[in-house]
Every structure is written in C-alpha cells, then in structure tokens.
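> have a look; sequence and predicted model below, questions after that.
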Amino acid sequence: MKRLFAVLLATLVVITLTACSIRQNASQKEITVWTLQMGDFADYMYKVIRTYEKEHPNLQIKWVDVPFSEGEKRTLAAVMTDNPPDLINLNPDFSALLAQKGTLEEILPEYTEQYNPEIIKALMYEDKLYSIPWYATSAITIYNKDLFEKSGIIRLPKTYKELAAVAEKIKINTNAYAYLPTITENDTMLKILNKYGISNISDLNSSQSYKVFEMFKELYKNDLIPPETITMTHREALEQYMSGKIIFYQGGANFLNMIKENAPTIYNNTDVMEQVRGSAGQFDISVMNFVIPKRAKMKKEALDFCLYLTNSENQLALAKMTNIIATNTNALNDEFYNDNSDLISKARSISAKQLNHIYPQLKQRRNQKEINNQVNTAVQTILTEKASIDATLGKLVNAIKNEE
C-alpha cells in the first residue's frame with residue numbers, strides 16, 4: 001500500500017507540474033522577429049533574446065533569419081496576410097514602399113529620441129516615421145600616402161571638383177590615376193548626383209546635372225580616369241588600389257582588412273579621410289531598420305523589443321563584432337567611435353561622424369533597379385560620346401517618366 005501511495009503521489013505531482021507548465025506557456029505571448037542575413041551573429045542575437053526574455057517572462061521571441069535575397073519578396077507577401085511577423089528588418093527604401101502602401105505602423109516621435117536625429121530625418125516618409133534604425137554604414141576615402149606625396153598636391157581633395165582639378169597633375173607625376181569612379185555600378189551615379197542636390201528624376205536634366213556629367217566626360221575623354229570606369233565594380237576598383245594604379249579609393253572601412261591581408265606594402269602606405277563630397281555637402285550612408293506591420297498582432301510588444309535590441313548597449317556590442325556604425329546617439333558618443341589609435345579605428349571614427357551630415361538623401365522609387373540601369377546606360381553613352389549630354393539626359397528623363 002505504501003508503494004502504491006508513493007506512485008500515486010508522484011503521478012499527482014507530475015500532473016500538477018505539467019498543468020502549471022501548460023498554464024504558464026498559455027500565458028506567454030510570442031513575438032516573431034525577422035532579420036536579414038544575421039546568421040553569422042546568431043550567438044549575439046540569442047544572447048540578446050535570452051536576456052530580454054528573462055526580463056520579460058511573459059514574452060517569447062521567435063527569431064527567423066531571412067536570406068537577404070529573399071527579404072523583400074517574403075516581406076511583401078507576409079504583410080498582406082492576417083498574421084505577419086511582428087517586427088521585420090528591412091532597408092529604408094523598401095520600408096518607404098511599404099509605408100506608401102499603408103501596411104506599416106507609424107512610430108511616434110517619443111520613441112526615437114535615443115537615435116541620431118539626421119538618420120531619423122532621412123527615414124521619414126511624408127513627415128511621418130515608420131521605422132526604427134538599427135545600424136548604418138558610411139564609406140570613407142582610402143588613399144595611398146606615398147603616391148600622394150609624389151603627386152605634388154599640397155592639399156587632399158575633399159570634393160569631386162577638387163579631385164577632377166588635380167587628376168592631370170597626379171597622372172603626370174605618379175603615372176597613376178587619381179581614382180576609379182565605378183559610376184555604372186548600381187546607383188553610384190545617382191548618389192553622386194544627390195551630393196549635388198539632385199534627388200528628383202526631373203532634376204536629371206538640369207544644368208547642375210549637366211555639369212556633373214560633363215566633368216566625368218572630360219576626365220574620361222582625357223584619360224584622367226581609367227577606361228574601366230564604365231564597367232568595373234567597387235571590388236575591381238579595390239584591386240586597382242592594391243596594385244598601386246589609383247591613389248584614392250572610396251569604400252567601407254571593412255576594405256582596410258582586405259588591403260592589409262592582400263597588399264601589406266600598400267596598407268603600410270595607406271591613410272583615410274572623409275568621403276568625397278559634392279556641392280550639397282552631405283555624405284552617403286546605408287541604413288538597416290526595423291518596421292512593424294500594421295496587421296501585426298503584437299505591435300506594442302514588438303516595439304518594446306525593438307527599442308531594447310537597438311539600445312546603446314546592444315548596438316555597441318554588435319558594432320564591436322562587425323564594421324557597422326551604431327545609430328544610437330549614446331553609442332555613437334562612446335570612446336569606441338572616438339579612437340584614432342590605429343588606421344581601422346580612425347576609419348571607424350570618420351564614418352561615425354559622417355552620420356551627422358547625411359541629409360538630404362536620395363529617395364528610391366518602386367522601379368529603382370530599372371532606373372539605375374537606364375542611368376548607367378546614359379553614363380556609358382555620354383562618356384563614350386555616342387550622343388550629346390543634353391540629348392541623352394532628355395531621353396533618360398522621358399524614358400523614366402513613361403515607365404511610371
């Protein structure tokens with residue numbers, strides 16, 4: 001009898017504990033979070049998630065990492081359903097498209113005070129905010145100190161105009177090109193035009209736009225930028241830099257590690273400075289952000305977790321593992337971004353400071369890839385003198401407008 005009683009008691013305990021567990025799980029709320037290509041940082045993500053769940057025992061985070069190539073397609077399908085993810089990692093251009101469709105929850109101003117105000121301003125869509133910034137990147141200018149000294153130039157060029165003005169002197173004195181602008185890669189030319197205040201399609205046929213195209217045409221015609229300018233990518237331009245064939249290279253600070261590993265002699269003669277500007281004075285950046293679908297079931301909880309994931313402590317931890325720039329103001333003020341003790345630290349510091357001068361930003365359109373291709377074709381036509389600048393730009397603007 002005693003043995004039977006013990007078995008019954010043990011069974012009762014198990015049933016009771018199971019029932020409690022079921023009740024506890026039933027009371028838990030699940031937040032579904034999608035990120036883009038963060039698999040390499042799974043340990044970081046799980047650590048943040050576990051800490052948050054410990055502080056919020058009634059919440060459970062379901063993290064799904066989506067391949068970058070599938071992000072837009074899967075997100076567009078998901079936000080139209082009745083059960084989309086609660087929090088989605090996107091780029092600002094696609095976020096703006098979803099905001100235009102009315103599928104995103106608006107983020108109120110009181111939730112954005114911890115972030116860089118220039119970035120918040122750049123993320124606005126029709127004076128409203130629909131996203132929270134997570135991290136950013138901002139290219140810097142990498143240059144060969146040895147070739148710069150041989151060039152006879154007294155001052156480092158800060159603008160495209162200054163760079164164009166010294167291109168001939170550089171080539172004569174060093175037998176190297178000043179730089180290789182990859183102006184037919186993706187939206188590179190549009191970003192350059194944006195630095196001259198050109199952000200609308202109608203402005204592509206303006207006098208300011210004409211001057212920019214004319215500047216590159218003259219450089220190309222006079223062999224002051226490489227012929228490969230109209231075909232090469234930024235990775236191929238980096239190869240030219242590591243071979244000592246160009247003095248200035250514009251790219252992310254992460255490329256310094258590649259130079260150090262593949263061309264140590266060039267790396268030892270390398271320094272960094274700000275990104276080359278146009279007349280408008282701003283810098284290019286790329287931002288990744290989070291959005292909350294309007295049909296999400298856990299909008300309030302998703303926002304709370306988003307603010308936690310993007311707070312200064314967590315952003316800084318991610319930044320120290322990668323080459324990204326934090327968007328949180330407190331994180332940007334950390335000594336990590338004010339260190340010039342070595343070349344990579346100096347590059348990181350310059351990139352971070354550039355976030356304070358990024359507005360106005362080029363606004364992407366729904367058919368941006370097609371627009372990029374049309375602009376790049378126009379660049380090739382103009383540089384190879386197959387048609388005049390006026391005729392080509394007029395044709396370009398009409399073609400883009402006809403597709404809208």
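Yes, it's here.

> contacts and neighbour counts: CA atoms only from here.
OK.

> any low-confidence regions in the protein?
For the chain, the stretches with pLDDT under 70 are 1-26, 364, 366, 403-404.

> for beta bridges, what are the partners of the residue most central in space within it?
For the chain, the residue lying nearest the average C-alpha position, counting by C-alpha atoms, centre = their mean, turns out to be residue 286 (2.3 Å). Per DSSP bridges, the residues bridged to residue 286 are residue 137.

> how about it, what does it touch?
Residues counted as contacts of residue 286 (C-alpha atoms under 8 Å, 6 or more residues apart in numbering) are 136, 137, 138.

> again, only this time at 10 Å
91, 92, 119, 135, 136, 137, 138, 139, 324, 325 (C-alpha atoms under 10 Å, 6 or more residues apart in numbering).

> filter these down to the ones in helices?
Taking DSSP state H as the definition of helices, those contribute 92, 119.

> which of the contacts of residue 286 has the most neighbours?
Of all the contacts of residue 286, the most densely surrounded is residue 325 (28 neighbours; neighbours counted as other C-alpha atoms under 10 Å).

> thought it was touching residue 312?
No - distance between residue 325 and residue 312: 11.5 Å, which falls outside the contact criterion (C-alpha atoms under 10 Å).

> common neighbours of the two, please.
Where contact means C-alpha under 10 Å, 6+ apart, the residues bridging residue 325 and residue 312 through contact with each are 318, 331, 332.

> and the last one, how close does it get to residue 172?
Here the criterion is C-alpha to C-alpha, to the nearest Å. By it, residue 332 lies 42 Å from residue 172.

> those two: which is more packed in?
Using other C-alpha under 10 Å as the criterion, residue 332 and residue 172 rank with residue 332 on top: 22 against 13.

> contact partners for that one?
Contacts here follow C-alpha under 10 Å, 6+ apart; on that basis residue 332 touches 115, 116, 312, 315, 316, 325, 326, 338, 349, 352, 353, 355.

> who's the first one bridged to?
Note on residue 115: beta-bridge partners residue 328, judged by DSSP bridges.

> quick one: the strands in the stretch 251-400 of the chain?
Counting by DSSP state E, counting those that start in this stretch, the stretch 251-400 of the chain has strands at residues 270-273, 286-291, 325-326.

> nearest to residue 110, out of the ones you listed?
Distances from residue 110 to each of these were compared by C-alpha to C-alpha, and the smallest falls on strand 286-291, at 16.2 Å.

> chain center to the closest one: distance?
Taking C-alpha atoms, centre = their mean, to the nearest Å, one finds the center of strand 286-291 at 8 Å from the center of the full chain.

> quick one: residues contacting the nearest residue to residue 356 once chain neighbours are set aside.
In space, and not counting its chain neighbours, residue 356 is closest to residue 118: 6.0 Å by C-alpha to C-alpha, 6 or more residues apart in numbering. With contacts defined as C-alpha under 10 Å, 6+ apart, the neighbours of residue 118 are 327, 355, 356, 357, 358, 359, 360.

> the stretch 1-150 of the chain: helices as residue ranges?
All helices of the stretch 1-150 of the chain, identified by DSSP state H, counting those that start in this stretch, fall at 2-27, 42-55, 71-79, 92-100, 117-123, 145-151.

> tell me how many other residues surround residue 291.
As a burial measure, residue 291 scores 30 neighbours (other C-alpha under 10 Å).

> against residue 344, how distant is it?
Using C-alpha to C-alpha, one obtains 32 Å as the distance from residue 291 to residue 344.
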